[in-house]
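K.L.:
Would you be able to build a 3D model of this:
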Amino acid sequence: MSPTTLSAGPEHGHVTFLGAGPGDPGLLTLRAVEALANADVLVAEHEVLDVVRQHARQGVSEVNTDSDPSQDPAPGTGTPQLTVVDGTSTAAAAPAVRDAAHLVMEAARGGRRVVRAVSGDPGLDTYAAEEMLACAAAGVPFEVVPGIASAVGVPAYAGVPLRDAQGADVRFVDARTASDRCWTEVGASDGTVVVSTTLDSVAAAAGELVSAGRKPDTPMTVTVAGTTTRQRTWTATLGTIAQTLKQAKVLPSPEGGRPVIAVVGERSAAAQRDQLAWFESKPLFGWKVLVPRTKEQAASLSDQLRSYGAVPHEVPTIAVEPPRTPQQMERAVKGLVTGRYEWIAFTSVNAVKAVREKFEEYGLDARAFAGIKVAAVGEQTAKALIAFGVKPDLVPSGEQSAAGLLEDWPPYDPVFDPIDRVFLPRADIATETLVAGLIELGWEVDDVTAYRTVRASPPPAETREAIKGGGFDAVLFTSSSTVRNLVGIAGKPHNVTVIACIGPATAKTAEEHGLRVDVMAPEPSVHKLAEALADFGAKRRAAAVEAGDPVTRPSERRPGARRRRSTT
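P.N.:
Predicted coordinates for the structure are as follows:
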């Protein structure tokens, strides 16, 4: 009987050996995400945990490298209980395998579902087979969820196809364990060789290939931190790679002990990497971008920034709290049920959240909106309503703002509108633009404070120092309050940091605080703001390439270097 068909008894749980890929969390397979969502215990090295833990269900026990190996994972505690010895390390490999296998067995006791997540693919990148054999010997059922192997995924992200139209032979070598016979075999072939090695051993691996018969002028690419926003790739030859890394000031420490992927061969398309390096040429690749918004508001913006290659860092500048006197909000929600309003207008995601929470307090749901027209100020607010089960009747066709909403809002008509009143749940500091405009259109408005916005607590000292010291490449300001609050709680961003503002009013506030605005959104939308920053980054990269200069991030400029003001 196959190990995957055994039924899990009370003593023996089930183990899923899961490939987490080479580093990019987006490379997890659908099956991997499903297995993580059902796991009781998650066993992985620390770096792998960072990739997979976001897909684990709440309360899963995490078994990582920082805990006491004598402990047993308590189900549902969410607290790391065991230690995993890194089975991919060449030092003391056999004991490491035995320890990892023992930990997996311990975690599987009592019928628990265990996910053993490993870097890359379980069958190519690790010694997972030894742990699988241990499971089989102990009668513990298991399955394998393949992952994208580092030797395949990293070259793809580096823009180095492993085969050409003629279908070149491809061989994979782990330089950390390769024998003399292995080097002789790959040296005698003319195919592509993918070498897993370490940064401080790249030159030695190149020397092995030359000694085995490869020509010193054979193209070679070396990629470190592949598939992550820390990825860097160097193109050279077997004979020049040592000098190339030296000129680039690539130090063997602290990255030296970490694996890198080198691709060697005439047909490996190394010469075309400038045209094929899609990942490292993203407009904001590696940029550390500060997103000063509430966490809920920052999520979709951060996802968009990641698609441009950026590393978003969310710093809440505004905290949302309930109104001091909730009676007004309570009366308005009851008025929704009793038919007091013709319209309800939501001007923010926070307003949707405040109404939804009040509904849940009264045991109501989206059905309470029956017969009421619903307006949303923009796409994000509309998405929050749809998640609530409410499809808005009105979303601005143009500018996503109070002014844009008023442009599409119909005037009150006593013939067609049986009720002339609008419920407007908003923040305590909202402007009067929408209220005045609705009154001018003939509507009565119940302007209700649904939530209060207060300045958030200061971020950690490390973040504050990065803001003031030039550790961030860019900061996105989505309102005047985010400018005032960020400067108030963390200090003024360094002069090398690119300042991007959502509109003229926000830009004016930034300038009043001594900041030079580099990027302006073409329209007041957070997504248009992110697009504008990406366009700025793309032009900056293109200018550096055209000038023959190295492509650097703003934070890599010399301290005190002047910035050119952009009209973007």
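K.L.:
To which secondary structure element type does Glu130 belong?
P.N.:
In three-state terms, and counting by DSSP: H, G, I helix; E, B strand; the rest coil, Glu130 is helix.
K.L.:
Please disregard the earlier target; I meant Asp417.
P.N.:
Reducing the assignment to helix, strand or coil with three-state DSSP, the entry for Asp417 is coil.
K.L.:
give me the number of residues near it?
P.N.:
Other residues near Asp417 come to 16 when the count uses other CB atoms under 10 Å. Glycine gets a C-beta too; all of them are placed from N, C-alpha and C.
K.L.:
Over to Thr197?
P.N.:
Per other CB under 10 Å, the neighbour tally for Thr197 reads 22.
K.L.:
can I assume it sits in a strand?
P.N.:
Yes. With three-state DSSP as the criterion, Thr197 is assigned to a strand.
K.L.:
mind listing the strands for the stretch 1-150 of the chain?
P.N.:
Shown for the stretch 1-150 of the chain, the strands assigned by DSSP state E, counting those that start in this stretch span residues 14-19, 41-43, 61-63, 113-118, 142-145.
K.L.:
and the ones you listed, which one is worst for confidence?
P.N.:
Lowest mean pLDDT of those: strand 61-63, a mean of 82.
K.L.:
So what's the gap between that one and the chain middle?
P.N.:
A distance of 22 Å separates the C-alpha centroid of strand 61-63 from that of its chain, computed with CA atoms, centre = their mean, to the nearest Å.
K.L.:
coming back round to it: can you put the strands of the stretch 1-150 of the chain in TSV and add distance to Asp365 and mean neighbour count?
P.N.:
What follows is the strands of the stretch 1-150 of the chain, written out as TSV (distance: least, CB to CB, whole Å; neighbours: other CB atoms under 10 Å):
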stretch	distance to Asp365	mean neighbour count
strand 14-19	37	27
strand 41-43	34	28
strand 61-63	34	26
strand 113-118	33	27
strand 142-145	37	20
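K.L.:
Turn the ones you listed into a markdown table, columns for distance to Val173.
P.N.:
A markdown table is the format used below for these (distance: least, CB to CB, whole Å):
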| stretch | distance to Val173 |
| --- | --- |
| strand 14-19 | 20 |
| strand 41-43 | 29 |
| strand 61-63 | 31 |
| strand 113-118 | 20 |
| strand 142-145 | 23 |
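K.L.:
Test my guess that Gln380 contacts Ser300.
P.N.:
Yes. Gln380 is within contact range of Ser300, at 6.5 Å (criterion: CB atoms under 8 Å).
K.L.:
Of those two, which one has the most company?
P.N.:
Neighbour count, other CB under 10 Å: between Gln380 and Ser300, Gln380 has more, with 21 against 16.
K.L.:
Tally up the residues packed near Glu34, please.
P.N.:
Applying the criterion other CB under 10 Å, we find 12 residues in the vicinity of Glu34.
K.L.:
mind checking which of the strands of the stretch 1-150 of the chain is nearest Pro283?
P.N.:
Evaluated over the strands of the stretch 1-150 of the chain, closeness to Pro283 peaks at strand 14-19, with 30.1 Å, by CB to CB.
K.L.:
Tell me the strands beside the closest one, with direction?
P.N.:
Strand 14-19 has these partner strands in its sheet, going by DSSP bridges: strand 113-118 (parallel), strand 142-145 (parallel).
K.L.:
With just CA atoms, put the shortest one into CSV.
P.N.:
Listed in CSV are the C-alpha atoms of strand 142-145, where the atom choice follows Å, rounded to 0.1, in the frame of the first residue of the first chain:
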residue,chain,number,x,y,z
PHE,A,142,2.7,11.1,4.2
GLU,A,143,2.4,12.9,0.9
VAL,A,144,4.7,15.1,-1.2
VAL,A,145,3.7,18.5,-2.6
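K.L.:
Next, show the common contact partners of Gln380 and Ser300.
P.N.:
Common neighbours of Gln380 and Ser300 (criterion: CB atoms under 8 Å, 6 or more residues apart in numbering): Val526.
K.L.:
Grab the longest helix from the protein for me.
P.N.:
Ranked by number of residues, the top helix in the chain under DSSP state H is helix 526-546.
K.L.:
Tell me which residues of that one come out buried.
P.N.:
By neighbour count, and taking 16 or more other CB atoms under 10 Å as the criterion, the buried residues in helix 526-546 are 526-537, 540-541.
K.L.:
Touching that helix from outside, list them.
P.N.:
Residues from elsewhere that reach helix 526-546, judged by CB under 8 Å, 6+ apart: 281, 283-284, 287, 289, 300-301, 304-305, 308, 379-380, 474, 476, 478, 498, 500-502, 518-522, 550-552, 566, 568.
K.L.:
and with 7 Å instead?
P.N.:
The contact list for helix 526-546, computed with CB atoms under 7 Å, 6 or more residues apart in numbering, reads 283-284, 287, 301, 304-305, 308, 474, 476, 478, 498, 500, 502, 518-522, 550-551, 566, 568.
K.L.:
With pLDDT as new columns, can the buried residues of helix 526-546 be given to me in a markdown table?
P.N.:
Output for these, formatted as a markdown table (pLDDT from 0 to 100):
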| residue | pLDDT |
| --- | --- |
| Val526 | 86 |
| His527 | 87 |
| Lys528 | 91 |
| Leu529 | 94 |
| Ala530 | 95 |
| Glu531 | 97 |
| Ala532 | 97 |
| Leu533 | 98 |
| Ala534 | 97 |
| Asp535 | 98 |
| Phe536 | 98 |
| Gly537 | 97 |
| Arg540 | 96 |
| Arg541 | 94 |
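K.L.:
okay, the residues you listed in JSON lines with distance to Ala456 next?
P.N.:
Conversion of the buried residues of helix 526-546 to JSON lines gives the following (distance: CB to CB, whole Å):
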{"residue": "Val526", "distance to Ala456": "18"}
{"residue": "His527", "distance to Ala456": "23"}
{"residue": "Lys528", "distance to Ala456": "25"}
{"residue": "Leu529", "distance to Ala456": "20"}
{"residue": "Ala530", "distance to Ala456": "22"}
{"residue": "Glu531", "distance to Ala456": "26"}
{"residue": "Ala532", "distance to Ala456": "25"}
{"residue": "Leu533", "distance to Ala456": "23"}
{"residue": "Ala534", "distance to Ala456": "27"}
{"residue": "Asp535", "distance to Ala456": "30"}
{"residue": "Phe536", "distance to Ala456": "27"}
{"residue": "Gly537", "distance to Ala456": "28"}
{"residue": "Arg540", "distance to Ala456": "31"}
{"residue": "Arg541", "distance to Ala456": "33"}
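K.L.:
Looking at the residues you listed, spot the one nearest Lys246.
P.N.:
Taking CB to CB as the measure, Lys246 lies nearest Arg541 of the buried residues of helix 526-546, at 25.2 Å.
K.L.:
how far away is that closest one from Ala277?
P.N.:
Relative to Ala277, Arg541 is positioned 12 Å away (criterion: CB to CB, to the nearest Å).
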